[in-house]
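>>> Below are the sequence and a predicted model for it; my questions follow.
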Amino acid sequence: MRTQPETFSGCLRRGRRVKCALFSALLQLKPAMTLYTGRFAPSPTGLLHIGSLLTATASYAAARAAGGRWLLRMEDLDPPREMPGAAADILRTLEAFGFEWDGEVAYQSRRHALYRAVLADLQARNLVYPCYCSRRQWQQEARAGADGFVYGGRCADPAFRQPENGKTPAWRLRVPDSDIVFDDAIVGRYRQNLARDIGDFVLLRADGFWAYQLAVVADDAEQGITHIVRGQDLLVSTPRQIWLQRCLNYPQPHYAHLPLLTNRAGQKWSKQTLAPALDLARREQLLRQVMAYLQLPPCPAVDKPQDLLAWAVRHWDIARIPPQAVCTENSPPPAAA
């Protein structure tokens, strides 16, 4: 059983002068730094592909190089879009490539109570409001923004009258007409005016599904995530997440947005662009490929994928990663040394 730490006065009473001197010295030190905690959070809407492997490798190497934890979270909040069996396949693929995560896998589909509590807090402080607009209705009145259409705030208007047809609303977070600015470890300084570029955004959809922005912010805070390493396709979402963190008095993680991997047409590899699933027979070749994209030095011959990951950890240097997208179809994987 863990005992309670002894107080300074308790030390004096017991005459443990040496230990007391050490205790007193420790009191003069700054508080211990928070343990680096990173994560990899795939969505089971498809199988892992080369872009997924880049993110997994980078987030893993960054966490382990800092002596920190690397958590795995399954972002399975949208059942209609999920691929049957994908979640289990993702776990098997990560294990086959040698990744070892800390703790149990977190599944967003099992965390609805957390999300409800977060929304209730925002509702109690009048930071959100119900929105009864259909997508078609509000987009007809909207203008283009940084990530699709900018919501015009129709339901936020105090003069707006709630419809009497019993329609279930979405819930939107009010945003400020000011810039959200942060420094990204790869992209550099990034700014976005949420009112101008995004508009009040949805946290709970009218169909009852939680929006990505709420779930990811709640999960990152609850899991103690300190550093987020992910693809640049999510860079445009980050100011929304930072604003929500501020509304909830959550700490802001450090961000690093990786260069996108694209096909010859310049499209990001994804399920929509028919990204090939990772071939387990080519694990070493694929790992060497993404390590080259991360500007890691060539690794000598190895016996197993875990040795490549260990090399990535030893030589990790995020400052060397360029922000520019990489066309994988123009970049043959490097040969093993």
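Right, received. Where do you want to start?
>>> Can you report phi and psi for the residue nearest the centre of the chain?
Most central in the chain under CA atoms, centre = their mean is residue 228, positioned 5.3 Å from the mean C-alpha point. Here is the backbone geometry of residue 228 (degrees, to the nearest 10): phi -120, psi 120.
>>> Any figure for the gap between it and residue 56?
13 Å (CB to CB, to the nearest Å). Where C-beta positions appear, they are placed from N, C-alpha and C, glycine not excepted.
>>> I figured the residue nearest to the centre of the chain was touching residue 258, is that so?
No. Counting by CB atoms under 8 Å, residue 228 does not reach residue 258; the two are 10.7 Å apart.
>>> Let me see the ranges of the strands in this protein.
37-40, 69-74, 106-107, 128-131, 143-145, 148-150, 170-173, 179-184, 188-193, 201-204, 227-231, 254-258, 261-262, 326-327 (DSSP state E).
>>> what sits up against the fourth one?
Counting contacts by CB atoms under 8 Å, 6 or more residues apart in numbering, the residues outside strand 128-131 that touch it are 119, 122, 138, 151, 154-156, 162, 169-174, 200, 202-203, 206.
>>> Produce a ChimeraX select command limited to the buried residues of those residues.
To isolate the buried members of the contacts of strand 128-131 in ChimeraX, using 16 or more other CB atoms under 10 Å:
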select :119,122,138,151,155,156,169,170,171,172,173,174,200,202,203,206
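>>> Compute the number of surrounding residues for residue 236.
17 (other CB atoms under 10 Å).
>>> how about the nearest residue to it, chain neighbours excluded?
Nearest residue to residue 236, sequence neighbours excluded (CB to CB, 6 or more residues apart in numbering): residue 147, at 4.7 Å.
>>> Contacts only, for the one you found.
Applying CB under 8 Å, 6+ apart, the residues near residue 147 are 197, 198, 236, 237.
>>> Nearest to residue 43, out of those residues: which one, please.
Taking CB to CB as the measure, residue 43 lies nearest residue 237 of these, at 13.5 Å.
>>> does that closest one really touch residue 212, like I thought?
Yes. Under the criterion of CB under 8 Å, residue 237 is in contact with residue 212, at a separation of 7.5 Å.
>>> Name the single longest helix found in this protein.
helix 50-65 (DSSP state H).
>>> And it, what does it pack against?
strand 37-40, strand 69-74, strand 227-231, strand 254-258, strand 261-262, helix 283-293, helix 305-314 (3 or more CB pairs under 8 Å, 6 or more residues apart in numbering; DSSP states H and E).
>>> ok, now with 6 Å
With contacts defined as 3 or more CB pairs under 6 Å, 6 or more residues apart in numbering; DSSP states H and E, the packing partners of helix 50-65 are strand 37-40, strand 227-231, strand 261-262, helix 283-293, helix 305-314.
>>> Can I get those in a markdown table including distance to residue 220?
Listed next are the helices and strands packed on helix 50-65 as a markdown table, based on distance: least, CB to CB, whole Å:
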| stretch | distance to residue 220 |
| --- | --- |
| strand 37-40 | 7 |
| strand 227-231 | 7 |
| strand 261-262 | 24 |
| helix 283-293 | 24 |
| helix 305-314 | 23 |
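>>> could those be laid out in CSV, adding distance to residue 115 and mean pLDDT?
What follows is those, written out as CSV (distance: least, CB to CB, whole Å; pLDDT from 0 to 100):
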stretch, distance to residue 115, mean pLDDT
strand 37-40, 17, 98
strand 227-231, 19, 98
strand 261-262, 31, 94
helix 283-293, 32, 97
helix 305-314, 33, 97
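>>> Figure out which of these is closest to residue 274.
Of the helices and strands packed on helix 50-65, nearest to residue 274 by CB to CB is strand 261-262, at 12.8 Å.
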